[in-house]
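> okay, here's the prediction I keep looking at, along with the sequence it came from:
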Number of protein chains: 2
Amino acid sequence: MHTETLPFHAPAARRMVSVPPPRRATATVGDLFDVMGVPMQFARNEEVYGAGEPADYFYKVKSGCVRTYTVSADGRRQIGSFYLPGDVFGFEAGDIHSLSAEAIVSGTVQVVKRAALTARAAGDASVARLLLDLTCGELRRAQDHIGLLVRSAAERVAGFLLALAKREGSATEVVLPMSRQDIADYLGLTIETVSRTLTQLESTATIALPSARRVVLRNAAALRGLAA
Amino acid sequence: MHTETLPFHAPAARRMVSVPPPRRATATVGDLFDVMGVPMQFARNEEVYGAGEPADYFYKVKSGCVRTYTVSADGRRQIGSFYLPGDVFGFEAGDIHSLSAEAIVSGTVQVVKRAALTARAAGDASVARLLLDLTCGELRRAQDHIGLLVRSAAERVAGFLLALAKREGSATEVVLPMSRQDIADYLGLTIETVSRTLTQLESTATIALPSARRVVLRNAAALRGLAA
DNA sequence: CGTACCTTTGAAGTAAGTCAACCGTCGTGG
DNA sequence: CCACGACGGTTGACTTACTTCAAAGGTACG
């Protein structure tokens, strides 16, 4: 049930890491991904799936970080979401992926056949509920994203930092797995504006930047005031 | 099952229109809202539900038009979606509404108890599937919205007009049920920018504006080029 | 017929984008 | 071991698109 043919083209077998022992005992729905899935490794910038491909699998980040994105006709890239360890992704509003997914840093992703889950959902209302909840989570994510995109650059960056801190479980420090360009394409800004905004937040002692990828939230209240 | 106490405060009974005869015969899931729901009338600008209230009901527009929106701390209003006849709304990522809903023009909305639907979903996989599909539709809507918000004013307006034309089923003309302010708050622009953009599209013969609320798409190809 | 709201238009200001150069870090190879 | 090159990030000068403030039509409704 969980070692069927995988979606990935050439070196699928190579990338598989230790297949877990087939536990048949029912686990809580939250563990379904771990029980039913197959772990796969992805290198930095490697594609997990592409827009236009059939959405035959769901994914859960075990380690690393994943971005989903679209590229419009004129070449602009819009990042849909970042997924951190524990996050589930691959949900789309249909049978075809409308976004592509890539690993931001190399890591491991648990892969579950979508048909296996939906089949279980037909007989098990708690699994159906899980699918609905995960989709609702994705919806909330999208709505929060909309909330960010209608604000000023400083507000967008502040909101982004706060959201990331919350997800990383830290109230004082954020480690950015993604580049400035990734942040810019997520927030609908240019890389220069993101950089300038961060340095300006630093100059007002709202944050500190011990390195480019580490942000210390020195004045979370001020950030929250910005994010409004 | 479908004449239980309604969510609305004072004049609920007054606003109810002809309760449909209780058909028990199973209908297709698409009709569930018509079968299970109670029709209610809403006047222009009347609230259907408010942000923060429990999301105990789902809604389907029978006539008129509904907007959902949030108001941020600094007073800016962001419109989440417009719902036209046939559209279902009230889905949220949780048990509490995070957006408010108002009628844009007076019309009728079919109201269904959420608990009634989720109860049925527990035993009927097709109903569970319906709930998932409706949530997926909402997700697609949000993602399309994100796609609009990262573009230039002309691109946003062009994309908005095309999307509305498609939903209204016309390739050549759009009737706008909403004000310029509504459009502005949906697209993350000011009312002046929306107005200017429309007049500029008219001056290039891309659209015609026989009246403020009617838009004739004279050059849909050019619009599509803008919307990219 | 009048009033209130919606829409359009104009002029000036500003936030973010664009173009370009520079800096720091890391990894590689001479 | 140092030098180089590639990449990611920062900073500066200038441009532009959108906002803001203000006022003048239009349109609909009492």
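Okay, I see it. Residues are numbered from 1 along each chain as shown, chains lettered A, B, ... in the order given.

> who in chain A is up against DNA strand D?
Contact residues, chain A versus DNA strand D (Cβ under 7 Å from any atom of the strand): A:179-181, A:191-192, A:194-196, A:198-199, A:209, A:212-213. For the C-beta atoms, the positions are set from N, CA and C on the backbone; glycine is no exception.

> which residue ranges of chain A form helices?
Using DSSP state H, the helices of chain A run over residues A:12-15, A:32-36, A:114-123, A:125-149, A:153-168, A:180-187, A:191-203, A:220-227.

> CA atoms only: put the fifth one into PDB for me.
What follows is helix A:153-168, C-alpha atoms only, in PDB (Å, rounded to 0.1, in the frame of the first residue of the first chain):
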ATOM      1  CA  ALA A 153       6.800  47.300   2.400                       C
ATOM      2  CA  ALA A 154       7.600  47.700   6.100                       C
ATOM      3  CA  GLU A 155       4.300  46.200   7.200                       C
ATOM      4  CA  ARG A 156       4.800  43.200   4.800                       C
ATOM      5  CA  VAL A 157       8.300  42.500   6.100                       C
ATOM      6  CA  ALA A 158       7.300  42.900   9.700                       C
ATOM      7  CA  GLY A 159       4.300  40.600   9.300                       C
ATOM      8  CA  PHE A 160       6.500  38.100   7.500                       C
ATOM      9  CA  LEU A 161       9.100  38.100  10.300                       C
ATOM     10  CA  LEU A 162       6.400  37.700  13.000                       C
ATOM     11  CA  ALA A 163       4.600  34.900  11.200                       C
ATOM     12  CA  LEU A 164       7.900  33.100  10.700                       C
ATOM     13  CA  ALA A 165       8.900  33.500  14.300                       C
ATOM     14  CA  LYS A 166       5.600  32.100  15.400                       C
ATOM     15  CA  ARG A 167       6.000  29.100  13.200                       C
ATOM     16  CA  GLU A 168       9.500  28.500  14.300                       C
END
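
> how about that helix and chain B, touching?
No: using Cβ under 8 Å from any Cβ of the partner chain, helix A:153-168 never reaches chain B; the gap is at least 9.4 Å.

> thinking again about what came up before, I'd like the helices of chain A laid out as TSV, including mean pLDDT and mean neighbour count.
TSV is the format used below for those (pLDDT from 0 to 100; neighbours: other Cβ atoms under 10 Å in any protein chain shown):
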stretch	mean pLDDT	mean neighbour count
helix A:12-15	42	12
helix A:32-36	86	20
helix A:114-123	93	16
helix A:125-149	96	20
helix A:153-168	98	20
helix A:180-187	98	21
helix A:191-203	98	16
helix A:220-227	96	16
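
> quick check: which of these is nearest to residue A:59?
helix A:32-36 (8.4 Å; Cβ to Cβ).

> packing partners of that closest one?
Packing partners of helix A:32-36 (3 or more Cβ pairs under 8 Å, 6 or more residues apart in numbering or on different chains; DSSP states H and E): strand A:57-71, strand A:100-113, helix A:114-123.

> for the most centrally placed residue in chain A, name its beta-bridge partners.
Taking Cα atoms, centre = their mean, the centroid of chain A lies closest to residue A:83, which sits 1.6 Å from it. Assessed by DSSP bridges, residue A:83 has beta-bridge partners residue A:66.

> separation between it and residue A:62?
Counting by Cβ to Cβ, to the nearest Å, the gap from residue A:83 to residue A:62 is 11 Å.

> cool, residue A:177 as well?
Taking Cβ to Cβ, one finds residue A:177 at 14 Å from residue A:62.

> check residue A:113 too.
On the measure of Cβ to Cβ, residue A:113 and residue A:62 end up 17 Å apart.

> and if you look at residue A:186?
Distance from residue A:186 to residue A:62, by Cβ to Cβ: 22 Å.

> residue A:165 too?
For residue A:165, the distance to residue A:62 - Cβ to Cβ - is 22 Å.

> grab the nearest non-local neighbour of residue A:47.
What sits nearest to residue A:47 in space, not counting adjacent residues and going by Cβ to Cβ, 6 or more residues apart in numbering or on different chains, is residue A:102, at 5.4 Å.

> is the one you found bridged to anything, and to what?
Counting by DSSP bridges, residue A:102 is bridged to residue A:47, residue A:67.

> how many other residues sit next to it?
The number of residues packed around residue A:102, counting by other Cβ atoms under 10 Å in any protein chain shown, is 19.

> thought it was touching residue A:51?
No: counting by Cβ atoms under 8 Å, residue A:102 stays clear of residue A:51, with 11.2 Å between them.

> how is chain A partitioned into domains?
Per the record, chain A has its domains at A:12-147, A:151-227, by automatic domain parsing.

> does the longest one reach DNA strand C?
No: applying Cβ under 7 Å from any atom of the strand, one finds domain A:12-147 separated from DNA strand C by no less than 9.0 Å.

> find me the pLDDT at residue A:9, would you?
With respect to pLDDT, residue A:9 scores 39.

> kindly apply the preceding question to residue A:62 instead.
Residue A:62 carries a pLDDT value of 96.

> please apply the same query to residue A:52.
So residue A:52 comes in at 96 (pLDDT).

> ok, now residue A:96?
96.

> surely it touches residue A:49?
No: at 10.4 Å, residue A:96 and residue A:49 do not qualify as touching, with contact defined as Cβ under 8 Å.

> these two - which one has more neighbours?
Using other Cβ under 10 Å as the criterion, residue A:96 and residue A:49 rank with residue A:49 on top: 23 against 12.

> and the more buried one, what does it touch?
Neighbour list for residue A:49: A:7, A:55, A:57, A:90, A:97, A:100-101 [criterion: Cβ atoms under 8 Å, 6 or more residues apart in numbering or on different chains].

> isn't residue A:107 up against residue A:60?
No: using Cβ under 8 Å, residue A:107 makes no contact with residue A:60, being 11.3 Å away.

> intersect the residues of chain A next to DNA strand D with the contacts of DNA strand C.
Near DNA strand C, judged by Cβ under 7 Å from any atom of the strand, the entries from the residues of chain A next to DNA strand D are residue A:192.

> residue B:147: which of the residues of chain A next to DNA strand D is nearest?
Scanning the residues of chain A next to DNA strand D for proximity to residue B:147, where the rule is Cβ to Cβ, the winner is residue A:181, at 18.9 Å.

> my read is that that closest one contacts residue A:192, right?
No: Residue A:181 lies out of contact with residue A:192 (Cβ under 8 Å); the separation is 10.5 Å.

> contacting residues for residue A:223?
Contacts for residue A:223 were tallied using Cβ under 8 Å, 6+ apart; they are A:158, A:161-162, A:201, A:206-207, A:217.

> go with 7 Å
By Cβ atoms under 7 Å, 6 or more residues apart in numbering or on different chains, the contact set of residue A:223 is A:158, A:161-162, A:206, A:217.
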